[in-house]
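*Asks:* Give me a 3D structure for the following:
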Amino acid sequence: QVQLVESGGGLVQAGGSLRLSCAASGRTFSSYVMGWFRQAPGKEREFVAAIRWNSGLTYYADSVKGRFTISRDDAKNTVYLEMNSLKPEDTAVYYCAADRNLPIVRATTHSYYDYWGQGTQVTVSS
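*Replies:* This is a model prediction of the structure:
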């Protein structure tokens, strides 16, 4: 049973930074793609970033490129999302997702992911 547990959300001022964590358990994740998505009130869930665990290949939404960094720690089975230069429009619930052998070209589409965490709230004040 795959479990994904996010943490690290909170309230931060515009221009500030946060680091989200996604602790993964229940599988060996070397063949998985791990993604971060976010959903603001009244909006659809949108792709933020993804990483292929074994190769470290990363992919970002244009809106966060250059500000956010996705990484993974093999020893801790944890995926991180380092968020810098935060903007009020980054305010959302952030979700971690996982799928085995997902082609990276599909990593931006939330419906392809089989496993999801419960989400963590990020609020950026202006």
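*Asks:* that's a strand at E89, yeah?
*Replies:* No: under DSSP: H, G, I helix; E, B strand; the rest coil, E89 sits outside any strand and is assigned helix.
*Asks:* Next, count neighbours for it.
*Replies:* 11 (other C-beta atoms under 10 Å). Glycine gets a C-beta too; all of them are placed from N, C-alpha and C.
*Asks:* what sits against it?
*Replies:* Contact analysis of E89 by C-beta atoms under 8 Å, 6 or more residues apart in numbering lists 63, 124.
*Asks:* secondary structure class for S111?
*Replies:* helix.
*Asks:* do you know how far the residue nearest the centre of the chain is from P88?
*Replies:* When C-alpha atoms, centre = their mean is applied to the chain, the residue found nearest the centroid is W36 (2.1 Å). With the distance defined as C-beta to C-beta, to the nearest Å, W36 ends up 19 Å from P88.
*Asks:* just to revisit the earlier point, for the residue nearest to the centre of the chain, what are its contacts?
*Replies:* Contact analysis of W36 by C-beta under 8 Å, 6+ apart lists 20, 22, 48-50, 70, 79, 81, 94-97.
*Asks:* I'd like the average pLDDT over the strand or helix carrying it.
*Replies:* Per DSSP states H and E: W36 is located in strand 32-39. Average pLDDT, strand 32-39: 97.
*Asks:* partners of it in the sheet?
*Replies:* strand 46-52 (antiparallel), strand 92-100 (antiparallel) (DSSP bridges).
*Asks:* If you average the pLDDT over the last one, what comes out?
*Replies:* Just to be clear, that refers to strand 92-100. For strand 92-100, the mean pLDDT works out to 97.
*Asks:* before we move on, back to that, tell me the buried residues in the strand holding W36?
*Replies:* In terms of neighbour count (16 or more other C-beta atoms under 10 Å), strand 32-39 has its buried residues at 32-38.
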